[in-house]
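Trainee: Just need the structure, nothing else, for what follows:
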Amino acid sequence: MPLPTPTLTTDRLLLRPVADTDADDLFTLQSDAHVLRYWDSPPWQDPARAQRFIATSRELAEEGSGARLVLERTEDGAFLGWCSLTKWDPVHRSASMGYCLAESAWGQGYATEAGRAVLQWAFATLDLNRVQAETDTRNVASRRVLEKLGFRLEGTLREDCVVDGVVSDSWVLGLLRRDRTA
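Mentor: Numbering: from 1, shown residues only. Below you'll find the predicted structure:
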């Protein structure tokens, strides 16, 4: 069953479905080694990866398993990154959340603002009970964003992935409907 990707607005952001015109901005973001230093996949080297990302974003909506949204700053239309809700399981009323923002957007509250909007939509529209997120244990800023959104640390996945040849751990954080503050 399809899950139409919403268009959401906040005080400073427009969150909208990923479009073909986002390919260059997505490639710039996902090819930045500093931005992706804690990711479990390497920076993109082939611009065609952006087209596959866009196609996958559409497939998430078509198959009803999630939504991926671009973050645009409303004052100037600047591309800031993306936020997603994936692995939606209507039986268990759960999903996973993720995001990636350009370094120029860090430290300004955009990730928290976007996450709050996506969570409000998701809990209201999808009748979720639980949302899960994971982040590399070295990515303290991402953990802070998730905690601002009401997520609680649930555990550590030891040596969960290899990031740029370095074995690393991941934190697992969860947000339950009854614990929501965002």
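Trainee: Tell me where the model's unsure across the chain.
Mentor: Within the chain, the stretches with pLDDT under 70 are 181-182.
Trainee: quick one: the helices in it?
Mentor: 23-30, 48-63, 110-126, 140-148 (DSSP state H).
Trainee: any chance of the ones you listed in a markdown table, plus mean neighbour count and distance to Pro17?
Mentor: For the C-beta atoms, the positions are set from N, CA and C on the backbone; glycine is no exception. Below are these laid out as a markdown table (neighbours: other CB atoms under 10 Å; distance: least, CB to CB, whole Å):
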| stretch | mean neighbour count | distance to Pro17 |
| --- | --- | --- |
| helix 23-30 | 19 | 13 |
| helix 48-63 | 16 | 7 |
| helix 110-126 | 20 | 13 |
| helix 140-148 | 17 | 22 |
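Trainee: among those helices, which is nearest Thr7?
Mentor: When the helices of the chain are compared by CB to CB, helix 110-126 sits nearest Thr7, at 9.9 Å.
Trainee: re the thing from before, mind putting the helices of the chain into CSV with distance to Val167?
Mentor: CSV is the format used below for the helices of the chain (distance: least, CB to CB, whole Å):
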stretch, distance to Val167
helix 23-30, 23
helix 48-63, 25
helix 110-126, 26
helix 140-148, 19
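Trainee: Nearest to Leu80, out of those helices?
Mentor: helix 110-126 (5.6 Å).
Trainee: Distance from the chain centre to the closest one, please.
Mentor: Centroid separation between helix 110-126 and its chain, computed with CA atoms, centre = their mean, to the nearest Å, is 10 Å.
Trainee: which secondary structure elements does that helix contact?
Mentor: Packing partners of helix 110-126 (3 or more CB pairs under 8 Å, 6 or more residues apart in numbering; DSSP states H and E): strand 8-9, strand 13-17, strand 67-73, strand 79-89, strand 94-101, strand 130-136, helix 140-148.
Trainee: contacting residues around that helix?
Mentor: Helix 110-126 has contacts (CB atoms under 8 Å, 6 or more residues apart in numbering) with 3, 6, 8-13, 15, 67, 69, 71, 73, 80-81, 83-85, 88, 90, 93, 95, 97, 99, 101, 105, 128, 131, 142, 145-146, 148-149, 175, 177, 180, 182.
Trainee: Determine the angle, from 0 to 180 degrees, between that helix and strand 94-101.
Mentor: Angle between the axes of helix 110-126 and strand 94-101 is 150 degrees (criterion: axes from the mean of the first three to the mean of the last three CA atoms, to 10 degrees).
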